[in-house]
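just to be clear, the model below is a prediction. Sequence and coordinates:
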Amino acid sequence: MSGYVNEKRNLVWPQKTLQGTYNKLDELDKWLPSLKEEIREFFRVSGFVSAIYVQIDDLYQLRQDDQPFVVDYVHRLCKDLPLFFKIATLRHASVLFVARVGQPIGAQERHDFQPINIDYTFADFRKARDQNKKIFYEFGKLAELKNSEVDTLFKGEGFDRLVLAGGGVPRDTLSLFLEVLGDVQANMSGDGRIGKDDVRILSKTNFERRIEELKHDSGAAQQEALIKGIYVIREFCLDKKSNVFLVAERTLQQNDEFRGLIYRLLDYRIIHSGATALSHKSREGAYQAFAIDIGCYAHLRKLEGKFNEVDPRTPRKNFGLLQSWN
């Protein structure tokens, strides 16, 4: 299971909505015994099927209040049968378990499922870059390209910038690669190779696309806070002339709204996770480092003297300390 939240919280719904939900659940519960028996019969008569994987994608698209009930039903359907569920979702936009009036609903981490994070962070950029390159090499083999021929598609820091623009996520990096490759090959004045400036130009459009995805997936009540957060963080980093900022661990632990904002922006690759357990030269406590997406400063063609693009894992840099806001 990729992306999860193991959050115990009480749901507060209008009575009419709650009653409608329970009516639907009662009807579905009546079907459950017969569904399980039909599945058992299928395995009895099948001579070759030993197990089935139930895969659910984009769970975060459901209302958060409905998510644990859907997961709970799938969990009960699979229980005591050779059915195994896999759920793909955004980690911090998902609620897989709640307790309502003392009754557990959904699936609990470690007890009912094992979480798997399929994305790479900038906490180890070299690992993220090398893993992405391995994936590129495998696609190159399908196109009968040698590893060295795949490397010749890039120049200078082109591949590193591509991984940065993709947030370390292989899917996003591959998607951006196809876009920028088409652009550079259509440019008759270039040499057909991907350089850092080619990625920079595309990263602004990619950043704007991520914001639109965030708007589409988030509710109207959340949008204002999320968009405000993006603006404040971007302006803070531009003012500090650094792509990396620090947040105190204590702030993330004590301020639920601020923590939720940071984690949602991580989900949508607006910001990216860097180092953890860092110290600050003038303050006590531990801090986490985050990097803003390169699309935030894509308008700066030359960074020297204007902006300091640094490795988020480097604690010796004087990163700005972002405080929570109202």
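Looks like it came in fine.

so what's the residue nearest the centre of the chain up against?
Geometric centre of the chain, nearest residue: residue 267, 3.4 Å, by CA atoms, centre = their mean. Contacts for residue 267 (CB atoms under 8 Å, 6 or more residues apart in numbering) come out as 3, 90-93. For every residue, glycine as well, the C-beta is placed using N, CA and C.

same check, this time on residue 43
Applying CB under 8 Å, 6+ apart to residue 43 gives the contacts 49-50, 81-82.

what segments of this structure are helices?
For the chain, the helices defined by DSSP state H occupy 15-45, 67-78, 125-142, 147-151, 158-165, 170-186, 196-217, 220-240, 249-254, 256-267.

pLDDT weak spots in the chain?
1-22, 311-319, 323-326 (pLDDT under 70).

how's it carved up into domains?
The record's domain parsing of the chain by automatic domain parsing lists 15-106, 122-200, 219-321.

wait, which of those domains is closest to residue 116?
The closest of those to residue 116 is domain 15-106. By CB to CB, the value is 9.0 Å.

tell me the gap between the closest one and the middle of its chain.
23 Å (CA atoms, centre = their mean, to the nearest Å).

just to revisit the earlier point, nearest to residue 298, of the helices of the chain?
Of all these, helix 196-217 sits nearest to residue 298, with 3.8 Å by CB to CB.

just give the nearest non-adjacent residue to residue 214, would you?
Excluding its sequence neighbours, the residue lying closest to residue 214 (CB to CB, 6 or more residues apart in numbering) is residue 268, at 4.5 Å.

hang on, I meant residue 156
Residue 156 sits nearest to residue 195 (CB to CB, 6+ apart), 5.3 Å away.

so the one you found makes contact with residue 159?
No: contact between residue 195 and residue 159 fails when scored by CB atoms under 8 Å: they sit 9.9 Å apart.

what about those two, which has more around it?
Legend: neighbour count by other CB atoms under 10 Å for residue 195 and residue 159, higher for residue 159 (23 against 18).

for the more buried one, what are its contacts?
Applying CB under 8 Å, 6+ apart, the residues contacting residue 159 are 129, 133, 194.

ok, those vs residue 255, which is closest?
residue 129 (32.9 Å).

what about that closest one, neighbour count?
When neighbours are counted by other CB under 10 Å, residue 129 comes out with 19.

OK, contacts around it?
Remark: with contacts taken as CB under 8 Å, 6+ apart, residue 129 is in contact with 159-160, 163, 168.

counting neighbours, which of the residues you listed comes out on top?
residue 163 leads the contacts of residue 129 on contacts (other CB under 10 Å) with 26 neighbours.

would you mind finding the most buried of the helices of the chain?
helix 158-165 (a mean of 23; mean count of other CB atoms under 10 Å).

quick one: it to helix 196-217, angle?
20 degrees (axes from the mean of the first three to the mean of the last three CA atoms, to 10 degrees).
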